[in-house]
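**Q** Okay, structure incoming, though there's no sequence with it:
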């Protein structure tokens with residue numbers, strides 16, 4: 001599996017994501033809204049309450065904004081605790097304002113839901129629960145004590161107890177529902193964002209290796225001629241120095257080291273992929289390359305090629321795209337990890353489809369997770385009913401998520417199922433475990449043979465130089 005940097009993944013939502021300026025801007029909006037509502041209620045509708053004290057409460061909120069802007073830079077990001085304290089302050093300020101203007105009889109008590117919504121999307125569960133409990137406690141307090149609003153004739157505006165209880169209950173239920181809903185959506189969004197980041201890292205790693213191996217292949221190609229010249233000259237020196245054994249031994253050493261250099265370059269260049277001949281490979285070669293890192297892990301990997309229409313139809317030439325190789329490699333690794341002894345990598349093709357299938361002889365995917373395979377941050381796919389060959393394995397589903405994302409990026413459609421019915425074919429008689437099937441339209445994966453080698457650039461006679469002929 002692609003290694004992850006330490007601390008990259010956290011199942012819980014982290015702090016230090018909220019800018020102070022963001023909360024300050026929201027608070028300014030609340031200040032102007034509260035000020036406008038107070039003035040309209042007092043002068044427009046003639047309601048009577050302690051306007052001076054209410055304006056003082058609103059002024060405290062405005063002063064906190066001015067103070068924070070003067071003390072902290074605009075780009076300051078708040079920690080978990082700082083964000084929680086800020087939201088607690090806003091909740092307490094709004095509660096005090098409601099206390100002065102009728103308590104839960106004030107329809108603006110609904111705004112108590114705003115801080116918990118922000119907390120659910122930015123803070124950890126513990127902090128969100130603390131803010132939720134405090135908010136419910138303050139809302140409950142408002143049902144018992146508050147200064148009533150007075151109508152223009154001096155009569156208090158008193159709502160029935162049942163209405164006040166219903167409003168309190170609506171706030172409590174709203175806090176729980178909106179908090180849980182906002183948190184689940186935000187957690188899924190951040191988990192998906194982190195998983196996509198890991199996917200991009202995996203693809204970037206594969207592309208870097210491809211580029212590096214291409215440089216190695218080019219170096220091996222360019223150094224081939226001078227090394228051959230050195231070897232030829234050293235062979236002639238060996239013959240010419242027959243009477244001088246010391247010098248003859250030096251010439252033999254030169255030839256041996258030249259052979260060694262060629263062997264090193266050849267072994268390094270075997271993974272070079274920038275050669276136009278290797279940008280497009282037979283389907284079987286692609287399958288073997290994807291499985292190469294897992295062939296020596298103690299499990300047998302069986303390759304099966306099957307033309308679906310014409311038995312004489314050769315395997316197609318396909319694009320050797322990094323996302324295809326890396327995606328298939330993750331599927332094969334998953335099969336090797338959980339198989340008992342064998343993994344089958346099957347390739348099938350017709351005139352319009354190419355299908356690759358990875359099947360193992362293990363216990364298969366858990367039925368409860370089968371519909372979610374391919375999502376990030378799942379637990380171990382083989383839960384229950386088996387003895388795990390890797391008891392310390394703590395799977396999160398990232399490998400299959402990366403494989404699914406990369407392969408779908410190449411235009412494939414991927415499905416995960418369990419092969420419960422044993423096949424009658426002798427070479428696949430033991431298939432009974434998990435199966436990942438990847439299908440492309442043939443035009444999306446097949447290489448264009450007319451462009452496989454690029455432009456024809458013949459040699460013009462000068463060493464190391466070629467000229468394109470128009």
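**A** Happy to help now that I have it. Note that this is a predicted model, so its numbers are computed, not measured. Numbers count the residues shown, from 1 in each chain.
**Q** could you pull out the helices for the stretch 101-250 of the chain?
**A** Taking DSSP state H, counting those that start in this stretch as the criterion, the stretch 101-250 of the chain carries its helices at 113-122, 125-144, 161-240, 245-269.
**Q** need these in CSV with mean neighbour count and mean pLDDT, can you?
**A** Just so you know, the C-beta spots here come from the backbone N, C-alpha and C atoms, and that holds for glycine as well. Shown next, in CSV, are those (neighbours: other CB atoms under 10 Å; pLDDT from 0 to 100):
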stretch, mean neighbour count, mean pLDDT
helix 113-122, 22, 87
helix 125-144, 17, 91
helix 161-240, 15, 75
helix 245-269, 14, 80
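**Q** Between the ones you listed, which one is closest to residue 413.
**A** For residue 413, the closest of the helices of the stretch 101-250 of the chain is helix 161-240, at 17.6 Å, according to CB to CB.
**Q** Residue 346 is in contact with residue 328, correct?
**A** No - taking contacts as CB atoms under 8 Å, residue 328 lies outside contact range of residue 346: 11.8 Å.
**Q** what's the overlap in contacts for these two?
**A** 356, 358 (CB atoms under 8 Å, 6 or more residues apart in numbering).
**Q** what about residue 48, distance to residue 145?
**A** 19 Å (CB to CB, to the nearest Å).
**Q** more crowded one of these two?
**A** residue 48 (16 against 8; other CB atoms under 10 Å).
**Q** For the more buried one, give me phi and psi.
**A** phi -110, psi 130 (degrees, to the nearest 10).
**Q** next structured bit after the helix or strand of the chain with the lowest mean pLDDT?
**A** Lowest by mean pLDDT, DSSP states H and E among the helices and strands of the chain is helix 276-279, with a mean of 59. Toward the C-terminal end, the helix or strand that comes next after helix 276-279 (DSSP states H and E) is strand 280-282.
**Q** what comes up buried for stretch 294-301?
**A** 294, 299, 301 (16 or more other CB atoms under 10 Å).
**Q** so which strand or helix has the closest residue to the second one other than its chain neighbours?
**A** It refers to residue 299. Once flanking residues are discounted, residue 299 sits nearest to residue 336: 4.9 Å by CB to CB, 6 or more residues apart in numbering. Per DSSP H and E: residue 336 is located in helix 322-338.
**Q** Kindly report the same for residue 363.
**A** Per DSSP H and E, there is no helix or strand for residue 363.
**Q** you'd agree it is up against residue 419?
**A** No - counting by CB under 8 Å, residue 419 is not a contact partner of residue 363; they are 11.6 Å apart.
**Q** Return every residue with contacts to both of the two.
**A** residue 433.
**Q** Going along the chain, name the helices of the stretch 301-450 of the chain.
**A** Counting by DSSP H, counting those that start in this stretch, the helices of the stretch 301-450 of the chain are 322-338, 398-409, 442-445.
**Q** Which of the ones you listed comes out lowest on mean pLDDT?
**A** Looking over the helices of the stretch 301-450 of the chain, mean pLDDT reaches its minimum on helix 398-409, with a mean of 81.
**Q** ok now that helix, how far from the chain's centre?
**A** Its chain's C-alpha centre and that of helix 398-409 lie 9 Å apart, by CA atoms, centre = their mean, to the nearest Å.
**Q** What of stretch 109-124?
**A** With CA atoms, centre = their mean, you get 27 Å for stretch 109-124.
**Q** Next: stretch 140-160.
**A** 53 Å.
**Q** Just the residues contacting that stretch, thanks.
**A** For stretch 140-160, contacts defined as CB under 8 Å, 6+ apart pick out 45-50, 95, 98-106, 109, 164-165, 168.
**Q** Ok, stretch 342-349 next?
**A** Contacts of stretch 342-349 (CB under 8 Å, 6+ apart): 283-284, 287, 290-291, 299-308, 313, 315-316, 332, 335-336, 354-361, 428, 430-431, 442.
**Q** Now residue 168: closest residue in space that isn't a chain neighbour?
**A** Nearest to residue 168 is residue 143, by CB to CB, 6+ apart, at 5.2 Å.
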